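A.B. asks: What shape does this take:
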Amino acid sequence: MVAVVIPSYKVKAHILKVISGIGPEVKLIYVVDDQCPEHSGDFVKANCKDPRVKVLYNTKNQGVGGAVITGYKQAMADKAMVIVKLDGDGQMDAALIPKLIEPLRTSQADYVKGNRFYDLAFLRQMPFMRKLGNSGVSFMNKAASGYWNIMDPSNGFTAIHRNALESLPLDRIDKRFFFESDILFRLNTIRAVVAEMPMRAVYGDEKSNLKLHRVAFQFPFKYFGRMIKRIFYNYYLRDFNIGSLELILAFIFIAFGSVFGAYKWSESILTSHPATAGTVILAGLPVILGFQSLIAFLHFDVANVPVKPLSGMGM
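C.D. replies: So this is what the prediction gives:
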């Protein structure tokens, strides 16, 4: 059974049209009123006659992630096997839901997300600043989540299988605009397979609630923290492999070469005696070896993207 979760916050002008575009393949639709100042939940109740729709209310505003998690929990309680997240602002084409969930239905993936960067023709519709910002955010997300094959992490058009969702710590996932990126990090820790679906985004008169200064100042620190956690979980807590050793050697060589080189450089300045060729080599060679080891680790990490879906799939 397929369910759709629609976080509802300041989307009153678009929500009914979004719901009307959802096809018969979806059996349950959850509209989550996240303390919307427009009272969109009550508006849907009063104006939507679709029997599949159930309106949920958060007692306080939790952000887009918190609204989606509320919908996820209710969908699992109602025995849904695949849960789609669809924004209520009309930027996502609900007609693409069958294509979005196909990799889940055929047991090729555990989580599928839209990608607005797949086809260059799609990008013509996207404002330049969104292209630039998404490219930078995508690279940080690759390093943090470990899904080096995934682009457009902020895309909120997603579908997840119940088996993967049950393994995630829902109450620990970021509940604000970092939600889409954080869930990718969490999915990697359970070795879930993530796939993408090319799509076009529709930009109209909707207003984004995302503040650019939050992305610029908060996201890099959050990505760095997730990257450190992922590397520790995957390479030292749950496993120890050649990638683990390469990373350790990289830090040892780079640290030794940098400290030794700095010490000899300062000593040379204080004594006015230039460093010998042997000293320069002794300082430089470990740094070179360290960066080679770091590159080897990155190559291993890129090749370590999960490829086997979680067991027990099915619709």
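A.B. asks: For the rest of this, base every contact and every neighbour count on C-alpha atoms.
C.D. replies: Fine.
A.B. asks: surely Gly41 meets Lys54?
C.D. replies: No. Taking contacts as C-alpha atoms under 8 Å, Gly41 lies outside contact range of Lys54: 9.4 Å.
A.B. asks: and for those two, which residues touch both?
C.D. replies: Val31 (C-alpha atoms under 8 Å, 6 or more residues apart in numbering).
A.B. asks: Who has more neighbours out of those two?
C.D. replies: Gly41 (22 against 17; other C-alpha atoms under 10 Å).
A.B. asks: next structured bit after the host helix or strand of that one?
C.D. replies: Element membership of Gly41 [criterion: DSSP states H and E] is helix 40-47. Later in the chain than helix 40-47, the nearest helix or strand by DSSP H and E is strand 53-57.
A.B. asks: quick one, that next one and helix 40-47 angle?
C.D. replies: Put simply, strand 53-57 runs at 150 degrees to helix 40-47, going by axes from the mean of the first three to the mean of the last three C-alpha atoms, to 10 degrees.
A.B. asks: So in terms of bridging, what pairs with Ala195?
C.D. replies: Taking DSSP bridges, one finds Val112 as the beta-bridge partners of Ala195.
A.B. asks: Got phi/psi on Ser20?
C.D. replies: phi -70, psi -20 (degrees, to the nearest 10).
A.B. asks: per-residue confidence for it?
C.D. replies: With respect to pLDDT, Ser20 scores 93.
A.B. asks: and the longest helix seen in the chain, which residues are buried?
C.D. replies: Ranked by residue count, the top helix of the chain under DSSP state H comes out as helix 242-271. Neighbour-count burial for helix 242-271, counted by 16 or more other C-alpha atoms under 10 Å, picks out 243-244, 246-247, 249-254, 256-258, 260-261, 264-265.
A.B. asks: next SSE after the helix-or-strand element of the chain with minimal mean pLDDT?
C.D. replies: The weakest-scoring helix or strand in the chain, judged by mean pLDDT, DSSP states H and E, is helix 120-123 (a mean of 69). Using DSSP H and E, the helix or strand that follows helix 120-123 in sequence is helix 128-145.
A.B. asks: tell me the mean pLDDT for that following helix?
C.D. replies: pLDDT averaged over helix 128-145 gives 82.
A.B. asks: same thing with stretch 275-284?
C.D. replies: 87.
A.B. asks: just stretch 305-315 next, same as before
C.D. replies: Mean predicted lDDT for stretch 305-315 stands at 75.
A.B. asks: same check, this time on stretch 148-159
C.D. replies: 89.
A.B. asks: got it, and stretch 28-48?
C.D. replies: 93.
A.B. asks: now it, how far from the chain's geometric center?
C.D. replies: 26 Å (C-alpha atoms, centre = their mean, to the nearest Å).
A.B. asks: Would you mind measuring the gap between the ends of that stretch?
C.D. replies: 14 Å (C-alpha to C-alpha, to the nearest Å).
A.B. asks: For that stretch, which residues meet the burial criterion?
C.D. replies: Neighbour-count burial for stretch 28-48 [16+ other C-alpha under 10 Å]: 28-36, 39-41, 44, 48.
A.B. asks: Likewise for stretch 1-16?
C.D. replies: Buried residues in stretch 1-16 (16+ other C-alpha under 10 Å): 2-12, 14-16.
A.B. asks: Secondary structure added to those residues, as JSON lines?
C.D. replies: Shown next, in JSON lines, are the buried residues of stretch 1-16 (DSSP: H, G, I helix; E, B strand; the rest coil):
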{"residue": "Val2", "secondary structure": "strand"}
{"residue": "Ala3", "secondary structure": "strand"}
{"residue": "Val4", "secondary structure": "strand"}
{"residue": "Val5", "secondary structure": "strand"}
{"residue": "Ile6", "secondary structure": "strand"}
{"residue": "Pro7", "secondary structure": "strand"}
{"residue": "Ser8", "secondary structure": "strand"}
{"residue": "Tyr9", "secondary structure": "coil"}
{"residue": "Lys10", "secondary structure": "coil"}
{"residue": "Val11", "secondary structure": "coil"}
{"residue": "Lys12", "secondary structure": "coil"}
{"residue": "His14", "secondary structure": "coil"}
{"residue": "Ile15", "secondary structure": "helix"}
{"residue": "Leu16", "secondary structure": "helix"}
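A.B. asks: Pick out the most distant pair among these.
C.D. replies: Val2 and Lys10 (25.5 Å; C-alpha to C-alpha).
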